[in-house]
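Engineer: Structure for the following, please:
(one chain, ligands or ions: 3)
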Amino acid sequence: MQTKVARLAKISVTGVVQGVGFRPFVYRLAHEHNLWGWVRNTSGNVEIEVEGDEETFENFIADLETKAPPIAHIERIETAFYPLKGYTEFKIHQSLSLEGEYQLVSPDIATCEDCKKEIFCPTDRRFGYPFTNCTNCGPRFTIIEDIPYDRLKTTMRKFKMCPECQQEYDDPLDRRFHAQPNACLKCGPSLELVDGNGNPIDGNDPIKATSDLLKAGRVLALRGLGGFQLVCDATNEKAINLLRTRKRRPSKPLAVMVATLEDIEKHCLVSLEERKLLQSPQCPIVLLRWKHNSSNISPAVAPNINYLGVMLPYTPLHHLLLKETDMPLVMTSGNLSEEPIAKDNEEAVIRLSGIADCFLFHNRDIFARYDDSVYMVENTPQAIRRARGYAPYPIFLPFKSKQILACGAELNNTFCLTKDEHAFLSQHIGDMENEETLEHFENSVELYKKLFRIEPEIVAYDMHPEYLSTKYALDAGSEQGLSLVPVQHHHAHIVSCLVDNKVEGPVIGVAFDGTGYGTDGNIWGGEFLLADWRSFQRVGHLEYVPLLGGVAAIKKPYRMSLSYLYTLLGEDFLLEDLPIRKLDLDELELIKQQLKRGVNSPLTSSAGRLFDAISALVGVRQEIDYEAQAVIELEMLAPNEWNELGLKAYPFSIVEHQGVRVVKLGELFNTVVQDVRNQTPIPSISLKFHNTVAQMIIEMCKLITNQTSINQVVLSGGVFQNRLLLKLATTTLQREGFSVLTHHSVPCNDGGISLGQAVIANFALR
Ligand SMILES: [Zn+2]
Ligand SMILES: [Zn+2]
Ligand SMILES: [Zn+2]
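Structural biologist: Numbers count the residues shown, from 1 in each chain. Ligands and ions are numbered 1, 2, ... in the order given. A predicted model of the protein is given here:
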């Protein structure tokens, strides 16, 4: 029976509850329920003290959970009861900083509908104001320097609020109550248009002027939420090619921003799930099927690709600019290829002056770099790049973790810091191939350590001795006397997917990617593992061939074709009538010598390289200028629709060698060569080859299941960004009675590696 006796309840709420309008929500809720007391942020949680009877408490707590602001995320509510203190009103108290305690930090959130209405409403005081935000939207992670989240600890502290903004900020019933980045035209950040040398361009409407430049085919650098973006007219091939030449990015697909969902549908097919993702508060880039025939977006945006990376505007500045230009805009990261994005005005002029004709600056400083996130939907949404809108929100672990720093891999690097049941998987850092990216990595590690009060006791890293992330781990770990745990690359892939699905294993892990250092010193990448969080056993792989010339073979897929053909079909194999790159006798002789002696040619079982080899062999792509280009272009040529039952496969065989099964590829290459010689159309070869790889996975999984009775399969590794392969493998495995786990919030590419490393390291030292 419930009592009507009044008591004092201390309520602690943890989760993403700061910077998301949670205190005003509690304030309003307390008033609704006639509860007196107070609410405050601490660096560990949100604390509430209220007085009332048990029934009122129950309703109040139920409402806390069900009516919380849209971007809040409650992890836990704890309540304890005490004698009354006799409160007579409800107040919002000063934030309290607690030693060692930490708070989840909200990611930056796309402009909400209310703010959007205001910037387009001529009578509103924020009409046309590009930095409009409220407690439901706007910058968070990119401006926060420390917790608790208060204006003084953000880059907004240099702007003093005008009386009107201050009033909104102080009014618990206002949408902007304690909105830390609150600002308006009178008191907040502003825009400035400058030329390529950083000299101001006169005029009083920078957005209009920017729009005019874009319409004239110019390339602009715009200071966005988490760094600079390079912008040009997406319908203007000349402008796009100018951007490509200057950015040294000849053909890698560029993302496009389109004003509204209706406009996106003119260019792309959009499913229900994709629509939800596009319009979500995270507002990622979504890879959509491109309607080439009805879209006026230039093919130069993504040459030879059937998908377009599209996003909606996610800041008021983007909304205003898209409205003014009235055309789709290329919106890509403001960097030279491989470097991190520029974030400060002066830095941008130095680094991007050869790329951008003009710069659209603003003076709200960016503390953390933040790229746009990328998703694809194949049955369910899957992260390809996890950054804006998602990080630093943690991945929840189904166990309490030690404090660990996992340093990730090389390409698409992320790091991961763990504490309690939180895995703070960092935003996309980039390809760790230069000093600038390493510096960005180091600064970001320090920021996360500070924000989440983490002092790692263990450092986990990839076994590849040459990765910068490995070198960093070894240096930092030995300097600070931390335990060092090397983790095998493909084990980390499989565990990242297990954690993404909250499954412990053991499972059959199929890890298909480009490069990962193996325990035998070879380059793995077509792996079948029995794996769980703790350990793995390699039970199968694709046949080894030499990676001819190491990195050269990755950049030049025709070298992989030669490696497979000569290794599998004999060094007298004749290339003459094949559409593969014609080599002069010297290069050919050199390659044969390399093969014979194994000079600079480590063995590889990489699935990515197998795709590369087929792509070059059938004449699709001989050399690449971005990662996986040959694979992607081969996939794009496969017919879009097919009858699953009518699918054919090339022959291959599986042999067992010392307890490890190996997929032999000689018959496959032999038959593909015959098809090419018979002038079989490339789309048919492509589809048949994709199905063959799916069949390899199925046959191998059947053999492993027969031996182990494990019938849960994990598909991980960058090769599974290939939707055709993913679809074929998943549906066939399911038809054969396997349960299949694929990625969701964590990328299947190397962006997920650090999470897998952290979890494995946590159990390695038990
Ligand atoms: Zn808003
Ligand atoms: Zn103001
Ligand atoms: Zn990998």
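
Engineer: CA atoms only: put the worst-scoring helix or strand of the chain on mean pLDDT into PDB for me.
Structural biologist: Least confident helix or strand, the chain: helix 585-597 with a mean of 87, by mean pLDDT, DSSP states H and E. Extracted C-alpha coordinates of helix 585-597, given in PDB (Å, rounded to 0.1, in the frame of the first residue of the first chain):
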ATOM      1  CA  LEU A 585      59.500  -6.400 -70.800                       C
ATOM      2  CA  ASP A 586      61.600  -4.800 -68.100                       C
ATOM      3  CA  GLU A 587      58.800  -4.400 -65.600                       C
ATOM      4  CA  LEU A 588      57.500  -7.800 -66.300                       C
ATOM      5  CA  GLU A 589      60.900  -9.400 -65.800                       C
ATOM      6  CA  LEU A 590      61.300  -7.400 -62.600                       C
ATOM      7  CA  ILE A 591      57.900  -8.700 -61.300                       C
ATOM      8  CA  LYS A 592      58.800 -12.300 -62.200                       C
ATOM      9  CA  GLN A 593      62.100 -11.900 -60.300                       C
ATOM     10  CA  GLN A 594      60.300 -10.400 -57.300                       C
ATOM     11  CA  LEU A 595      57.900 -13.400 -57.400                       C
ATOM     12  CA  LYS A 596      60.700 -15.900 -57.600                       C
ATOM     13  CA  ARG A 597      62.800 -14.400 -54.900                       C
END
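
Engineer: heading toward the C-terminus, what's the first helix or strand past it?
Structural biologist: Using DSSP states H and E, the helix or strand that follows helix 585-597 towards the C-terminus is strand 603-604.

Engineer: what distance separates that following strand from the middle of the whole chain?
Structural biologist: Once both centres are worked out by CA atoms, centre = their mean, to the nearest Å, strand 603-604 turns out to sit 29 Å from its chain's centre.

Engineer: elements contacting the following helix or strand past it?
Structural biologist: Using DSSP H and E, the helix or strand that follows strand 603-604 towards the C-terminus is helix 607-617. Helices and strands touching helix 607-617, by 3 or more CB pairs under 8 Å, 6 or more residues apart in numbering; DSSP states H and E, are strand 507-517, strand 523-531, helix 551-555, helix 557-569, helix 629-637, helix 666-677, helix 682-708. Every residue, glycine included, has its C-beta placed from N, CA and C.

Engineer: can helix 607-617 be found next to ligand 3?
Structural biologist: No - if you take CB under 5 Å from the ion as the test, helix 607-617 misses ligand 3, and the best it gets is 8.7 Å.

Engineer: relative to helix 682-708, how tilted is that helix?
Structural biologist: Here the directions of helix 607-617 and helix 682-708 differ by 150 degrees (axes from the mean of the first three to the mean of the last three CA atoms, to 10 degrees).

Engineer: quick one: S444 from ligand 1, how far?
Structural biologist: 27 Å (CB to the ion, to the nearest Å).

Engineer: The closest residue to that residue other than its chain neighbours and N412, how far apart?
Structural biologist: Once flanking residues are discounted, S444 sits nearest to S426: 5.7 Å by CB to CB, 6 or more residues apart in numbering. Plainly put, S426 is 11 Å away from N412 if you go by CB to CB, to the nearest Å.

Engineer: Looking at those two, which one has more neighbours?
Structural biologist: S426 (25 against 22; other CB atoms under 10 Å).

Engineer: and the more buried one, how far is that from ligand 1?
Structural biologist: 26 Å.
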